[in-house]
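Colleague: need coordinates for the following:
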Amino acid sequence: MARLAALLPGTEVTTTDAVGISGDDMEALAFAWLAWRTLAGLPGNLPSVTGASQETVLGAIFPANP
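Modeller: Residues are numbered from 1 along each chain as shown. All right, here's what the predicted structure looks like:
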């Protein structure tokens, strides 16, 4: 956190806990959002952030056999 704050002068850097969202809840929300993007056939990455060559759907969903 200190390194991030040093790289972003003038920006308040804090945890999600400080604004009332537990880290565990935030992680669950992130995975749910990524799963929704996959189910909707939407890309889940940002090439400008990740350095990937293109947007892509992340992962795959495999329904269980009855």
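Colleague: give me the contact list for the longest helix seen in the chain.
Modeller: When the chain is parsed with DSSP state H, its longest helix is helix 23-39. Under the contact criterion C-beta atoms under 8 Å, 6 or more residues apart in numbering, helix 23-39 has outside partners 15, 16, 17, 43, 44, 57, 58, 59, 60, 61. No exception for glycine: its C-beta is placed from N, CA and C like everyone else's.
Colleague: counting by contacts, list what the next helix or strand after it packs against.
Modeller: Following helix 23-39 in sequence order, the next helix or strand is helix 47-50 (DSSP states H and E). For helix 47-50, there is no helix or strand it packs on, judged by 3 or more C-beta pairs under 8 Å, 6 or more residues apart in numbering; DSSP states H and E.
Colleague: average model confidence for helix 47-50?
Modeller: On average, the pLDDT along helix 47-50 is 92.
Colleague: ok, and what's touching it?
Modeller: Contact partners of helix 47-50, identified using C-beta under 8 Å, 6+ apart, comprise 53, 54, 55.
Colleague: how does it look with 10 Å?
Modeller: 53, 54, 55, 56 (C-beta atoms under 10 Å, 6 or more residues apart in numbering).
Colleague: can you get me a residue count around residue 22?
Modeller: If you count neighbours by other C-beta atoms under 10 Å, residue 22 ends up with 11.
Colleague: hmm, I was thinking of residue 47
Modeller: 12.
Colleague: state the distance from it to residue 54.
Modeller: Distance, residue 47 to residue 54, by C-beta to C-beta, to the nearest Å: 6 Å.
Colleague: would you mark the buried spots in stretch 43-54?
Modeller: By 16 or more other C-beta atoms under 10 Å, the buried positions in stretch 43-54 come out as 44, 45.
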